[in-house]
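**Q** sequence and predicted structure are below.
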Amino acid sequence: MRTIFRVTAALATTAVLFTAGGPAFAQPAEDPAAESSTTTPFTTPNTDSCPFATSPPPAIDLSEVPEPGDAVPDPLPVPADAVGGQSLAQCGIITPEGAPALPADISATSWVLSDIDTGDVIAAKDPHGRHRPASTIKILLALVALDELDLSKTIVATAEDANAEGSAVGIGKNGVYTNFQLMQGLVMASGNDAAHALAAQLGGDAATVDKMNAEAASLGALDTRTATPSGLDGPGMSSSAYDLALFFRAAMRNSTFAELISTETVQFPGFPKDPSIPEDQDRPPFTLSNDNQLLYNYDGALGGKTGYTDDARQTFVGGAEKNGRRLAITIMKGDVLPIRPWEQASRLLDYGFATSAGTSVGELVEPDSVGAVTSTRPTAPVPTLASPDDRASSLGQRETSLEAGGNTAVRVGIGVVGALVVLGLLLWARRLNRKP
């Protein structure tokens, strides 16, 4: 039904959207066509004026059109105080005092370089700028799944799992998989089919989105609203390089996740032929390779997560360890210009490892300190696929608050006058009903 609606909307708006791309698919790796098809000269996007403080840039396709009858979610409120420290409220490049120049050839619009263990933010660019996370949001899904699911449990894949939109690890109908194998497909190959199979066990897509948003809020990730479990773009979807750093740090505290992202290859199960297709054949097991090139090409790499959609562009999360120090880099709205995202990540990691331990322009907040942080959120429920968020933006809330405060005296005066009028009417009615 959603596809039919999108096609209908596309036909109705062809004159406006003739330059838009097709549906945004979460890809398992960097878009191979991006490098060859892009002719725009390389420039590092200027974010000094905070263009993405409340929302990502407009979508170029119909991936974020709500279902019929659903409202477009308002942007998430912007906290009064920047999470992680006031230096991180800046939207341009943020480096420590006296630090050397940043490496060249970094085309990402937003990024955060952090210490996984201490939580120090070493340097950043528009850390709270809101962008679409694409498949890097699967780190958040992994956190929820690792917390709730029995990894040794075996499931039989459905046709819905196998036919999930976007990138796939290669799950087949009636294939038998453990949840651990589904996690391998999710993290190593960015399989949306694996995401669907995991989400089905978590209560379905809408329930899983709820759980992912609740997990994000518990970690202090106030720029994040998940719209789909897999990272496919959807109404109201946003995150930030800062929030991705929070997710990655939390996930790296789980030894199973750390094992998954550092695994280069595994044998993945096949699945039986479809009896409804006479010519169909059994699919044999195959070798599954990790799609994160940092893992193969950077000394001390811990692994990470890649992402891509037409609207999100290139997103990337990676980590590495040198001399006992573990650093992470998160990149949003990048391009394969002039070098690939994993190469941009490697240069920023080199920059971080060249700094002294303790270098900091801010910090990654701890989950147990989120009480004060999350007080900036409204008390309305976290938005879901089933019930879009109807909250106003923080600016709208602030204007409403100021208006209410400014009119307090007027409202009190009106109340007093109204009370006197009512009292007068009561006395008049009593007099009319009094006997002569």
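**A** Nice, thanks for sending it over.
**Q** for the stretch 201-350 of the chain, just list every one of the helices.
**A** 205-218, 241-252, 255-262, 294-297, 341-353 (DSSP state H, counting those that start in this stretch).
**Q** and the shortest one, what's buried?
**A** Residues of helix 294-297 classed as buried by neighbour count (16 or more other CB atoms under 10 Å): Leu294, Leu295. Backbone N, C-alpha and C define where each C-beta goes, glycine included.
**Q** got a list of contacts for it?
**A** 261-262, 264, 290, 301-304, 318, 320, 342, 345-346 (CB atoms under 8 Å, 6 or more residues apart in numbering).
**Q** and that helix, C-alpha only, in PDB?
**A** Written as PDB, here are the backbone C-alpha positions of helix 294-297 (Å, rounded to 0.1, in the frame of the first residue of the first chain):
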ATOM      1  CA  LEU A 294      38.200   0.400   7.400                       C
ATOM      2  CA  LEU A 295      38.500  -3.100   9.000                       C
ATOM      3  CA  TYR A 296      40.700  -4.300   6.100                       C
ATOM      4  CA  ASN A 297      42.800  -1.200   5.500                       C
END
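**Q** related to what we said a few turns ago, compare the helices of the stretch 201-350 of the chain and give me the one nearest Pro79.
**A** helix 241-252 (11.3 Å; CB to CB).
**Q** okay if I get the helices of the stretch 201-350 of the chain as TSV plus distance to Asp105 and mean pLDDT?
**A** Formatted as TSV, those follow (distance: least, CB to CB, whole Å; pLDDT from 0 to 100):
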stretch	distance to Asp105	mean pLDDT
helix 205-218	31	97
helix 241-252	18	98
helix 255-262	25	98
helix 294-297	16	98
helix 341-353	7	98
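**Q** out of those, which is the most enclosed?
**A** Highest mean neighbour count of the helices of the stretch 201-350 of the chain: helix 241-252, a mean of 27 (counted as mean count of other CB atoms under 10 Å).
**Q** check which helices and strands that helix is in contact with.
**A** strand 110-115, strand 120-125, helix 138-148, helix 255-262, strand 301-309, strand 313-322, strand 325-334 (3 or more CB pairs under 8 Å, 6 or more residues apart in numbering; DSSP states H and E).
**Q** what angle do it and helix 255-262 make?
**A** 110 degrees (axes from the mean of the first three to the mean of the last three CA atoms, to 10 degrees).
**Q** helix 241-252 versus helix 205-218: what angle between them?
**A** Using the same axes, to 10 degrees: helix 241-252 against helix 205-218 is 100 degrees.
**Q** show the average pLDDT along stretch 231-239.
**A** For stretch 231-239, mean pLDDT is 97.
**Q** meant to ask about stretch 365-385
**A** 46.
**Q** ok, now stretch 140-147?
**A** pLDDT averaged over stretch 140-147 gives 98.
**Q** how about stretch 125-145 as PDB, C-alpha atoms only?
**A** What follows is stretch 125-145 as a C-alpha-only set of coordinates in PDB (Å, rounded to 0.1, in the frame of the first residue of the first chain):
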ATOM      1  CA  LYS A 125      32.200  19.500  12.900                       C
ATOM      2  CA  ASP A 126      28.500  20.400  13.500                       C
ATOM      3  CA  PRO A 127      28.200  17.600  16.000                       C
ATOM      4  CA  HIS A 128      24.500  18.100  16.700                       C
ATOM      5  CA  GLY A 129      23.600  18.900  13.100                       C
ATOM      6  CA  ARG A 130      20.600  16.700  12.200                       C
ATOM      7  CA  HIS A 131      20.900  14.300   9.300                       C
ATOM      8  CA  ARG A 132      19.500  11.000   8.200                       C
ATOM      9  CA  PRO A 133      21.500   8.100   9.600                       C
ATOM     10  CA  ALA A 134      20.800   5.400   6.900                       C
ATOM     11  CA  SER A 135      22.100   2.000   8.000                       C
ATOM     12  CA  THR A 136      24.300   3.300  10.800                       C
ATOM     13  CA  ILE A 137      21.000   3.300  12.800                       C
ATOM     14  CA  LYS A 138      21.300  -0.500  12.800                       C
ATOM     15  CA  ILE A 139      23.700   0.000  15.700                       C
ATOM     16  CA  LEU A 140      20.700   1.200  17.700                       C
ATOM     17  CA  LEU A 141      18.700  -1.800  16.600                       C
ATOM     18  CA  ALA A 142      21.600  -4.000  17.600                       C
ATOM     19  CA  LEU A 143      21.600  -2.600  21.100                       C
ATOM     20  CA  VAL A 144      17.900  -3.300  21.500                       C
ATOM     21  CA  ALA A 145      18.200  -6.800  20.000                       C
END
